[in-house]
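Engineer: Structure, please.
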Amino acid sequence: MAHEHDQVAYWNAAAPLKTFTHPCDFALLAAHLGNRPKILDVGCGYGRLCRECLAHGFPAPVGTDFSEGMLARARSEVPECSFALMRTGLLPFPDETFDLALLFAVLTCIETDAEQDALIRETARVLKPGGLIYVSDYPLQQDSRNIARYEQWARQGMLYGTFVLPGGGIMRHHAPERIAATFSGGFRQLDMRSVSLRTMNGHTATAYQYMGRKLK
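Structural biologist: Numbering: from 1, shown residues only. Purely as a prediction, here's the structure:
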């Protein structure tokens, strides 16, 4: 992953400080999942979704993340779940292991199309035939604060919608055509919606939430 070392350093430093907020529709999950599903939280951070899955009666998920700091917090806060370190974009699990993969505010941390596509392929690899992917992430925002930073970093050669946070975290918001391309070919769309939320830094934002079923 480009800038992987810098990104790991950023998220390790952020691990004790941040609160993640993307809402998960557990009723939607229950409507599409069978009994006792095997759940993988990709980019699990400090295990917030794993804890919420347990609270809603789902079996203990498995979490994976590239930040050792985030995983240390997850193991402390959600000891009922298991967590594995993810290296160089590869998921440390066998093919066709899981019924559901959650990717909440994960693609926003991946700068290039190629790296995003590679993670989606990896996610498809570890899903069982007919398994589900549930993604929550950021489209391009329309407010002046975000537009100004898109333009600032674009002038420095970054893809429009990509920017660097204080502390060095690289973030990306996605154009509509990129969102459509992310899942084309590998998944059949089951649900797509917009939600409003507050970001980990306290700003109001819009997220898209996509659920798809693996085609092969």
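Engineer: Any regions of this protein where pLDDT drops low?
Structural biologist: Within the chain, the stretches with pLDDT under 70 are 1-5.
Engineer: gap between the residue sitting furthest away from the middle of it and Phe163?
Structural biologist: Each residue of the chain has a distance to the centre, and by C-alpha atoms, centre = their mean the biggest one is for Arg155: 27.1 Å. Here the criterion is C-beta to C-beta, to the nearest Å. By it, Arg155 lies 11 Å from Phe163. C-beta here means a position set from N, CA and C on the backbone, and glycine is covered the same way.
Engineer: likewise Pro139?
Structural biologist: Counting by C-beta to C-beta, the gap from Pro139 to Phe163 is 14 Å.
Engineer: next one: Leu190
Structural biologist: The gap separating Leu190 from Phe163 is 31 Å, by C-beta to C-beta.
Engineer: Compare those two (neighbour count), which wins?
Structural biologist: Phe163 (21 against 15; other C-beta atoms under 10 Å).
Engineer: quick one: that one and Gln152 touch, right?
Structural biologist: Yes - assessed by C-beta atoms under 8 Å, Phe163 is found in contact with Gln152 at 7.2 Å.
Engineer: Please list the outside residues in contact with the helix ranked longest in the chain.
Structural biologist: Determined from DSSP state H, the single longest helix within the chain is helix 113-126. Here helix 113-126 makes contact (C-beta atoms under 8 Å, 6 or more residues apart in numbering) with 1-2, 40, 42, 89-91, 93-98, 101, 103, 106-107, 110, 133, 178, 181-183, 186-187, 214, 216.
Engineer: Please, where are all the strands along the protein?
Structural biologist: For the chain, applying DSSP state E gives strands covering 39-42, 62-65, 82-85, 98-104, 127-137, 162-164, 170-172, 187-198, 204-214.
Engineer: between the ones you listed, which gets nearest to Pro23?
Structural biologist: Across those, Pro23 has its closest neighbour in strand 187-198 (6.0 Å, C-beta to C-beta).
Engineer: Which elements pack onto that closest one?
Structural biologist: strand 127-137, strand 204-214 (3 or more C-beta pairs under 8 Å, 6 or more residues apart in numbering; DSSP states H and E).
Engineer: relative to helix 113-126, how tilted is the last one?
Structural biologist: Computed with axes from the mean of the first three to the mean of the last three C-alpha atoms, to 10 degrees, the direction of strand 204-214 lies at 50 degrees from that of helix 113-126.
Engineer: now for strand 204-214, which elements pack on it?
Structural biologist: Judged by 3+ C-beta pairs under 8 Å, 6+ apart, strand 204-214 is in contact with helix 26-32, strand 127-137, helix 176-183, strand 187-198.
Engineer: Touching the shortest one from outside, list them.
Structural biologist: Helix 26-32 is contacted from outside by 52-53, 56, 58, 100, 132, 134, 190-191, 211, 213, using C-beta under 8 Å, 6+ apart.
Engineer: Next: the second one.
Structural biologist: If you take C-beta under 8 Å, 6+ apart as the criterion, strand 127-137 is touched by 22-24, 29, 32-33, 96-108, 120, 123-124, 174, 179, 182-183, 187, 190, 195, 207-214, 216.
Engineer: Can I get the buried ones among those as something I can paste into ChimeraX?
Structural biologist: A single ChimeraX command suffices to select whichever of the contacts of strand 127-137 are buried according to 16 or more other C-beta atoms under 10 Å:
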select :22,24,29,33,97,98,99,100,101,102,103,104,105,106,107,108,120,123,124,174,179,182,183,187,207,208,209,210,211,212,213,214
